[in-house]
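Participant: Provided below for reference: sequence and predicted model.
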Amino acid sequence: MDTLAKSIVEPLARRAFRRVPAATEISALVALFNAGKSLTGTADATSAGIQIVVTTLLQSPHFLYRPELGKAQNGVIVDLTANEIASRLSYAVLNTIPGDTLINLANSGELLKPDVQKTQAERLMQDPRASSALTFIYEKSLRIDSFLTIAARDAKSLSQLEH
C-alpha cells in the first residue's frame with residue numbers, strides 16, 4: 001500500500017506546497033493515507049486515503065500561505081529560492097499555483113537564471129488566463145472602473161453645455 005500511497009501523495013503535495021516536499025512530509029502523508037480508512041470510516045481504503053490526504057493538504061500552512069523566506073539575505077535584499085520565484089511568477093501573471101514547467105525549472109535550478117525567468121514570464125503572458133488576472137490587478141489597483149463613470153458624467157456635462 002505504501003507504493004500506491006506514495007504515488008498518489010507525492011504529486012498532490014508537490015502541487016499543494018509549490019515545491020518538492022521533504023521526505024519526512026511524504027512519510028507523514030503516506031502514514032495518513034494508510035490510516036485513512038480508520039480515520040474517515042470510508043469503506044474503500046484508497047478513497048479514504050485520498051480523502052484524508054487532500055483534507056490535510058488543504059489545511060496545511062504550506063498550502064494556505066506563500067511564505068517567501070529566501071535562502072540568503074544581502075543587506076535588505078532577500079534572495080528567493082527557485083521555488084519561490086516560480087510561485088511569484090505564476091501568481092503575478094496567472095494568479096494560480098505554478099505549473100509543471102515552472103516547478104521543473106525550479107527543481108533543476110534553471111529558474112534562478114534571469115534569462116530563464118524572462119522567458120518564463122513571457123511564456124506565461126501568452127496564456128489566455130494572464131489577461132484576466134492582469135486586468136483584475138489593474139482594475140483593483142488603479143480603480144479603472146471609476147473612470148467609466150467619470151467619462152459618462154463628463155460626456156453628459158459637455159452635452160448640457162453645448163445646448
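Facilitator: Noted; the coordinates are in hand. In this text, all values refer to a predicted model and were calculated from it rather than measured experimentally.
Participant: Quick check: closest non-adjacent residue to Leu32.
Facilitator: Distances taken as C-beta to C-beta, 6 or more residues apart in numbering put Ile52 closest to Leu32, at 5.3 Å, once the chain neighbours are dropped. In this view, the C-beta of every residue, glycine as well, is placed from N, C-alpha and C.
Participant: now Val93
Facilitator: In space, Val93 is closest to Leu124, 4.1 Å off (C-beta to C-beta, 6+ apart).
Participant: same deal with Thr96?
Facilitator: Ser90 (6.2 Å).
Participant: by contact count, what packs against the helix or strand containing that neighbour?
Facilitator: Element membership for Ser90, per DSSP states H and E: helix 82-93. Packing contacts for helix 82-93, counted by 3 or more C-beta pairs under 8 Å, 6 or more residues apart in numbering; DSSP states H and E, involve helix 100-108, helix 114-125, helix 128-142.
Participant: pLDDT on the second one, on average?
Facilitator: Per-residue confidence for helix 114-125 averages out to 94 on the pLDDT scale.
Participant: For that helix, buried residues please.
Facilitator: Buried residues in helix 114-125, defined by neighbour count with 16 or more other C-beta atoms under 10 Å: Val116, Gln117, Gln120, Leu124.
Participant: Likewise for the shortest one?
Facilitator: Burial within helix 100-108, assessed by neighbour count using 16+ other C-beta under 10 Å, is assigned to Leu102, Ile103, Leu105, Ala106.
Participant: Considering those, which member attains the minimum pLDDT?
Facilitator: Of all of the buried residues of helix 100-108, Ile103 carries the lowest confidence score, 90.
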